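>>> just to be clear, the model below is a prediction. Sequence and coordinates:
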Amino acid sequence: MNKILIIEDDRTLCAELSNLLEKSGYAVECIRDFSNAYMQMEASDADLILLDISLPGENGEALLQKYRKVKETPVIMLTSRTEDMDQVLSMSYGADDYITKPYNPTILLLRISAVLKRTAKTVQTEMYRDIRVSFLKGSLARGGQEQILTKNEMIIFQVLFDRQGEIVSRDDLMTALWDNEEYINDNALSVNISRLRGKLAELGAPDAIETRKKQGYVLK
């Protein structure tokens with residue numbers, strides 16, 4: 001179970017985030033004393049940090065800048081501000097992603113999942129049935145056969161894989177693609193799913209993705 005550290009001084013929002021994350025299967029830790037926020041941040045064994053920019057004392061960007069000198073734990077910045085400069089500074093200081101408040105819970109969970117997968121994929125692969133999935137290389141392999149996925153196909157597969165057995169709507173898949181700056185239309189989504197199905201079929205899993213009419217798709 002991945003652990004997420006929340007550094008957010010709005011207690012109501014912190015409680016809402018904790019509830020959302022715990023219901024989604026994450027362990028949660030919150031910082032409540034901001035007089036020594038950096039020490040708690042550095043000492044945490046969290047797998048990912050949600051860090052608000054506007055905090056009492058040192059702001060989130062200052063904390064991130066110091067933190068990146070000693071640790072590489074992924075950090076997603078949270079802010080109610082929308083200025084492009086906030087995003088530029090956060091990314092230049094080492095943030096892994098950035099989301100504005102009020103956030104969409106589905107998008108936030110997708111971004112958390114994507115960041116955790118992206119930062120973990122350098123040291124691990126995953127198995128789907130007897131197919132080895134390399135998120136670093138963007139490939140699926142079985143036996144001596146390998147299929148290289150396009151970026152869009154990999155994003156679609158990752159969302160389906162992370163929610164294996166659940167119905168994933170077309171809207172959720174489009175959101176994941178848009179979130180990764182891959183702007184495709186509905187027809188292009190169908191083409192990408194068809195190509196992904198074909199590659200899975202080549203590896204002996206022709207029934208991997210099931211279509212649920214008017215609902216979405218399920219990775220079985």
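Cool, got the structure.
>>> would you list the phi and psi of the spatially most central residue of the chain?
By Cα atoms, centre = their mean, the chain has its centre lying nearest to Ala114, at 2.3 Å. Backbone geometry at Ala114, expressed as degrees, to the nearest 10, gives phi -60, psi -40.
>>> domain ranges for this protein?
Split into domains by automatic domain parsing, the chain comes to 3-119, 123-219.
>>> how much distance is there from the longest one to the middle of the chain?
Put plainly, it is domain 3-119. 13 Å (Cα atoms, centre = their mean, to the nearest Å).
>>> equivalent analysis for the shortest one, please.
Its chain's C-alpha centre and that of domain 123-219 lie 15 Å apart, by Cα atoms, centre = their mean.
>>> quick one: contacts for the residue lying closest to Val70 once chain neighbours are set aside?
Excluding its sequence neighbours, the residue lying closest to Val70 (Cβ to Cβ, 6 or more residues apart in numbering) is Glu42, at 6.4 Å. Any C-beta I mention is one placed from the backbone N, CA and C, and that applies to glycine too. By Cβ atoms under 8 Å, 6 or more residues apart in numbering, the residues touching Glu42 are 67, 70-71.
>>> can you do 10 Å?
Glu42 is in contact with 63, 66-67, 69-71, 73, counting by Cβ atoms under 10 Å, 6 or more residues apart in numbering.
>>> just Ile76 next, same as before
So Ile76 contacts 4, 48-51, 90, 95-99, 108, 111-112, 114-115 (Cβ under 10 Å, 6+ apart).
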